[in-house]
Structures are given as C-alpha cells and as structure tokens.
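Q: missing the sequence, but the structure's below:
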C-alpha cells in the first residue's frame, strides 16, 4: 500500500518535461519568426529572466514609431494629392478661359474678313465707275 517515491516524483518530472518542451518550442518559434539580427534581443530576454521587458518595450516603441511615420506619410501624401487636384482644376479653368478668348477672336477675325471683302467690293465698284 505504500507508494514508492518513484511514483511521486514521476508526475513532477512529467510536468517539468512539458515545461521544457514548451519553452523549447517557444525559443524555436522566436528564432523562426524573428529576423536574423534579432538574436541579440533573444539574449537580452534570457538575461532579464525571460520576462521580455526590454523587447516588449522596444517593440511597442517601434510600433508607435511606425504608426506615427505611417500617419505622417498619409498626411503628406493627402496634401500632395490635394495640391495636384487644385493645380488640375486651375489649369482647366485657365484653358477654358483661353479657348473662349480664342473663339471670340476667331469670330472677330471672321467679321473683319467680311468687312474687308465688303470694302474691297465697294472699292472695286467705285474704281469701275
């Protein structure tokens, strides 16, 4: 009826084995997910006792920096697009003004031609008489 000491230690050894396997899988996952240059960060995590305080703060800082850079890039590109649209509208307005002036000048030139022809006809008729 006595339990041997081997049975009592066996569940503890089994739990330690599970923890070792999980820890090994986590380290392997970090090596596969992280870029090659991030092994230095892994070493820092091991030095801090595996808490990951340094790398998580750095990751949050990097994410914030990326987010701010992304927002600034969006604002600058929105401003540039707005400026280009403004220039396109201004150019279209100027082109409309120029083409309306050209049309009115064309009409004036045609009227001048008609008047010139009438004057020439009148001069030709007076020269004949």
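A: Looks like it arrived, so ask away. Since the model is a prediction, treat every value here as computed from it, not as a measurement. Numbers count the residues shown, from 1 in each chain.
Q: now the protein, which segments are flagged as low pLDDT?
A: Within the chain, the ranges that satisfy pLDDT under 70 run 1-21, 29, 31-54, 129.
Q: Quick check: the gap between residue 61 and residue 89.
A: 42 Å (Cβ to Cβ, to the nearest Å). Placement of C-beta: from N, CA and C, glycine included.
Q: ah, wrong one, I meant residue 110
A: For residue 110, the distance to residue 89 (Cβ to Cβ) stands at 32 Å.
Q: Over to residue 74?
A: In this view, residue 74 and residue 89 are 22 Å apart by Cβ to Cβ.
Q: for residue 68, same thing?
A: Relative to residue 89, residue 68 is positioned 32 Å away (criterion: Cβ to Cβ).
Q: cool, and residue 72?
A: Distance from residue 72 to residue 89, by Cβ to Cβ: 26 Å.
Q: and what of residue 111?
A: As for residue 111, its distance to residue 89 is 33 Å (criterion: Cβ to Cβ).
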